[in-house]
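Peer 1: just need the structure, nothing else, for what follows:
(3 chains)
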Amino acid sequence: MTQQEALFKYTLRLGDNALILSQRLSEWCSNAPFIEEDLALTNFALDMIGRAQVLLRYAGEVEGKEKSEDILAFRRSERQYYNNQIAEQPNGDFACTMVRQLFISAFELYLFTELQKSKDATIAAVAAKTLKEVRYHLAHAEDWIIRLGNGTTESHNRVQQAVNDLWMFTGEQFEMDETDNLLIAEGIAADLHALQPLWSNYIENILSKATIKTPQDAYMQTGSRKGIHTEHLGHLLSDMQYLQRAYPDAIW
Amino acid sequence: MAADTQLDSWEVFMQSRPGANFTHQGSIHASDKKMALQNARDTYSRRSEGTSIWVVPTNEIAASSPDEADMFFDPANDKIYRMPTFYTMPEGAKNI
Amino acid sequence: METAQSTLPKEEMLLAKFEEKTAAGEAIEPRDWMPEAYRKHLIRQMSQHAHSEVIGMQPEGNWVTRAPSLRARQILLAKIQDEGGHGLYLYSAAETLGITRDEMIQQLHSGKAKYSNIFNYPSLTWADIGAIGWLVDGAAIVNQVSLQRTSYAPYSRAMVRICKEESFHQRQGYEIMATMMKGTAEQREMAQDAMNRWWWPSLMMFGPHDTDSPHSADAFRWKIKRHTNDELRQKFIDKTVQQAELIGLTVPDKDLRWNEAKQGYDYGKIDWEEFNRVINGHGPCNKQRLSHHIRVHNEGAWVREAAEAYKQKQKNN
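Peer 2: Residues are numbered from 1 along each chain as shown, chains lettered A, B, ... in the order given. Predicted coordinates for the structure are as follows:
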């Protein structure tokens, strides 16, 4: 693997995480528990589309095959996406969406804090901008987890259920492969293994404030580094890519 | 089932740039202060209009009544000596 | 004047003062005295307006996950989010009249409160997103610009903010249509088809002809309304026809003709039977739109209850 190939794949991974989660969050549009929250979730989705746009454009430049961000977003197949599986998990109920957000935003807080120091100027710049957005996403999600965990019996149970269900997707965020190792050596990527204990502490602290038990189960799903996903991704893509695939010659 | 709730109403005040007055924007609903601030931000600064936000529970605001307008505001009408234009300045005086 | 009024019973004196104020074009604030009929008219109109913004999120939301480019998705999401925000501004403004948001939502669900008829039509293809932005928002803006000077101050303030924010909505819709008209044959066909389906319902958005319009007399005297339905409709047609022609779209009205004398277009007969049929519940999406809103409202109840319960617990600690 060359450095260029590694950087392409790494940038795709960062971009796909934003792209796929933004797609999920936009499904909340006109479906939130009250109108203010509808606006909040849309803001998250907008932040992430913006991030996906910059990163996929950059991935296209790195690859050097003149693929635009839209070609990369809308014309790849299931096995060519590198987002963490947690991002593609269905929204479920509001508790599930907030737990997913908590798990992802806490990871992104540490990830982008590190990536601000990246020797790749584009990644460092995206990280600095993203960090501001992520802090807000995290604050919003953790406030909700604490509210719902301490709210009613029903809301408490729903959060606990969501935590239990999503837990097995959290480990993959910290997996590293050849891509990471090569780019860490160049000072471009972050050492994800070093982030894991920080993340675990953070999550445990929030969950305990929410009176929610942190699962002890160590079994973790894996696969996205090799483009292996859950069944949910294919459906998400068939929705997202419909027009681009049905009218390949059209410009929109 | 408990009566439905759309949460409490809060009034939103925003400062458009550092040093400016906080001006009333409208209201939002939220169940606590943190949520109120976040909802105010997501509702009233979608176009980066603000630098700072205040939220106040709507039912905590005391407002003067229009019936009291005479009593509240008319007495100030004849105090024109509070206005700079009330004073005659000698011709040619500068920077005053 | 003063002495004449003071001999009248209190209610009549207040009414006379109110009429005088609105006639002079003065703004009415929430704590000012107002006749019950004025309050009722405003609650009806403003809650309908708020519900329209919120229900209007559905036909556009239908395409949010299928938008054909990142830019298109971004724009559409931002626009739908604005509609939600505008619904919120209007609910807030209506609340100053002494009705709660809960009550307004209950009235929507029971059918007592209405929303704009236009949203009972389906958004079938991506071109419909263009048509909705260009025609539906275009028609709404004509109406909303006029409402910026409405007599009830919180309504007027909300409208000023809404008009400022909506200025991009119509442009994004027109841009979608223009891009499609420059595209493949299939795209052009899609755009014209959307034009054909949305043109007449957009004209109906202004409401019945002035001669058949209920609620009008008071609304004008009190300056809630400042222009008639027909005036606003004419304005919309006059500015939209040129835009259609420029990008090669045909307005689906064989009677459309420029009238030199009135410096405006003459247009064909609006099918008010269809309008009444849809408004009375027999449009393609009436049931779908309302049951979506009810379902989301019910599914979110546990979240709102939990937030309320958490607040109570914080208070007791």
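Peer 1: for the stretch 51-200 of chain A, which residue gets nearest to chain B?
Peer 2: Closest residue of the stretch 51-200 of chain A to chain B, Cβ to the nearest Cβ: A:Asp143 (5.3 Å). The way it works is simple: take the backbone N, C-alpha and C, and place the C-beta from them, glycine included.
Peer 1: the helix or strand containing that residue: what's the following helix or strand?
Peer 2: Secondary structure assignment for A:Asp143, by DSSP states H and E: helix A:121-150. Where DSSP H and E defines the elements, the next helix or strand beyond helix A:121-150 is helix A:153-166.
Peer 1: now do that next one: which elements does it pack against?
Peer 2: For helix A:153-166, the elements it packs on are helix A:94-115, helix A:121-150, helix C:301-316, judged by 3 or more Cβ pairs under 8 Å, 6 or more residues apart in numbering or on different chains; DSSP states H and E.
Peer 1: what residues of the longest one count as buried?
Peer 2: To tie it back to what came earlier, the one meant is helix A:121-150. Buried residues in helix A:121-150, defined by neighbour count with 16 or more other Cβ atoms under 10 Å in any protein chain shown: A:122-123, A:126-127, A:130-131, A:133-134, A:136-138, A:140-150.
Peer 1: now the angle from that helix to helix A:153-166?
Peer 2: Counting by axes from the mean of the first three to the mean of the last three Cα atoms, to 10 degrees, helix A:121-150 lies at 140 degrees to helix A:153-166.
Peer 1: who does helix A:121-150 touch, helix- and strand-wise?
Peer 2: helix A:3-26, helix A:35-63, helix A:94-115, helix A:153-166, helix A:192-209, helix B:33-44, helix C:301-316.
Peer 1: now render the ones you listed as CSV, adding distance to C:Ser167.
Peer 2: As requested, the helices and strands packed on helix A:121-150 are exported to CSV (distance: least, Cβ to Cβ, whole Å):
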stretch, distance to C:Ser167
helix A:3-26, 23
helix A:35-63, 19
helix A:94-115, 32
helix A:153-166, 40
helix A:192-209, 41
helix B:33-44, 17
helix C:301-316, 33
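Peer 1: show me what from chain B comes close to chain C.
Peer 2: B:1-2, B:4-7, B:9, B:26-29, B:31-32, B:35, B:43, B:46-47, B:63, B:65-66 (Cβ under 8 Å from any Cβ of the partner chain).
Peer 1: for chain B, what spans make up the helices?
Peer 2: B:33-44, B:69-73 (DSSP state H).
Peer 1: what lies in contact with the longest one?
Peer 2: Right, helix B:33-44. A:36-37, A:39-40, A:43, A:139-140, A:143, A:147, B:7, B:10, B:12, B:14, B:25-26, B:28-30, B:50, B:53, B:55, C:85, C:88, C:307 (Cβ atoms under 8 Å, 6 or more residues apart in numbering or on different chains).
Peer 1: returning to what we had before: off-centre distance for the helix holding A:Asp143?
Peer 2: 11 Å (Cα atoms, centre = their mean, to the nearest Å).
Peer 1: so it versus helix A:192-209, what angle?
Peer 2: 20 degrees.
Peer 1: quick revisit: closest to C:Gly138 out of the helices and strands packed on helix A:121-150?
Peer 2: The closest of the helices and strands packed on helix A:121-150 to C:Gly138 is helix A:35-63. By Cβ to Cβ, the value is 23.0 Å.
Peer 1: C-terminal to that closest one, what's the next element?
Peer 2: Helix A:35-63 is succeeded, C-terminally, by helix A:69-74 (DSSP H and E).
Peer 1: chain neighbours aside, what residue packs nearest to the residue of the stretch 51-200 of chain A closest to chain B?
Peer 2: B:Lys34 (5.3 Å; Cβ to Cβ, 6 or more residues apart in numbering or on different chains).
Peer 1: what residues does the helix or strand bottoming out on mean pLDDT in chain B touch?
Peer 2: Ranked by mean pLDDT, DSSP states H and E, the weakest helix or strand in chain B is helix B:69-73, scoring a mean of 78. Here helix B:69-73 makes contact (Cβ under 8 Å, 6+ apart) with B:Ser64.
Peer 1: could you do stretch C:138-154 as well?
Peer 2: By Cβ under 8 Å, 6+ apart, stretch C:138-154 touches C:22, C:25-30, C:42, C:92-93, C:96, C:116, C:155-156, C:159-160, C:162-163, C:166-167, C:169-170, C:173, C:202-203, C:205-206, C:222-227, C:232, C:235-236, C:239-240.
Peer 1: so which bits of it are buried?
Peer 2: C:138-148, C:150-154.
Peer 1: near chain A, which residues of the stretch 151-300 of chain C?
Peer 2: So the stretch 151-300 of chain C meets chain A at C:176, C:179-180, C:182-184, C:186-187, C:292, C:296, C:299-300 (Cβ under 8 Å from any Cβ).
Peer 1: what does the stretch 201-317 of chain C put close to chain B?
Peer 2: C:301, C:304-305, C:307-308, C:310-311, C:314.
Peer 1: by neighbours, which of those wins?
Peer 2: C:Ala307 (26 neighbours; other Cβ atoms under 10 Å in any protein chain shown).
Peer 1: burial of the closest residue to that residue other than its chain neighbours, as a residue count?
Peer 2: Nearest non-adjacent residue to C:Ala307, counting by Cβ to Cβ, 6+ apart: B:Ser31, 3.8 Å away. B:Ser31: 24 surrounding residues under other Cβ under 10 Å.
Peer 1: from A:Met1, how far off is B:Ser31?
Peer 2: Separation of B:Ser31 from A:Met1 (Cβ to Cβ, to the nearest Å) stands at 51 Å.
Peer 1: how about the nearest residue to A:Gln161, chain neighbours excluded?
Peer 2: A:Ala95 (7.4 Å).
Peer 1: now swap in C:Thr228 and tell me
Peer 2: Closest to C:Thr228 by Cβ to Cβ, 6+ apart is C:Asp210, at 4.6 Å.
Peer 1: so that neighbour touches C:Arg233, yeah?
Peer 2: No. Taking contacts as Cβ atoms under 8 Å, C:Asp210 lies outside contact range of C:Arg233: 9.8 Å.
Peer 1: which one's more surrounded, those two?
Peer 2: Just comparing C:Asp210 and C:Arg233: by other Cβ under 10 Å the higher neighbour count belongs to C:Arg233, 24 against 13.
Peer 1: which SS class is that one?
Peer 2: helix (DSSP: H, G, I helix; E, B strand; the rest coil).
Peer 1: spit out the contact partners of the nearest residue to it once chain neighbours are set aside.
Peer 2: Computed as Cβ to Cβ, 6+ apart, the closest residue to C:Arg233 that is not its neighbour in sequence is C:Phe206, at 4.1 Å. Listed by Cβ under 8 Å, 6+ apart, the contact partners of C:Phe206 are C:139, C:142-143, C:229-230, C:232-233, C:236.
Peer 1: please identify which of the residues you listed is nearest to chain B.
Peer 2: Using Cβ to the nearest Cβ, the contacts of C:Phe206 come closest to chain B at C:Asn143, 20.4 Å.
Peer 1: relative to C:Ser47, how far out is the closest one?
Peer 2: 16 Å.
Peer 1: quick one: pLDDT of the residue of chain B at minimum distance from chain C?
Peer 2: The minimum distance from chain B to chain C, using Cβ to the nearest Cβ, falls at B:Ser31 (3.8 Å). Note for B:Ser31: predicted pLDDT of 96.
Peer 1: one more: A:Phe107?
Peer 2: pLDDT, read off for A:Phe107, is 98.
Peer 1: how about it, nearest residue that isn't a chain neighbour?
Peer 2: A:Gln173 (4.7 Å).
Peer 1: and for the one you found, the neighbour number?
Peer 2: Neighbour number of A:Gln173 under other Cβ under 10 Å is 24.
Peer 1: what of the one 5 residues further on?
Peer 2: Summarising burial for A:Glu178: neighbours were counted as other Cβ under 10 Å, giving 12.
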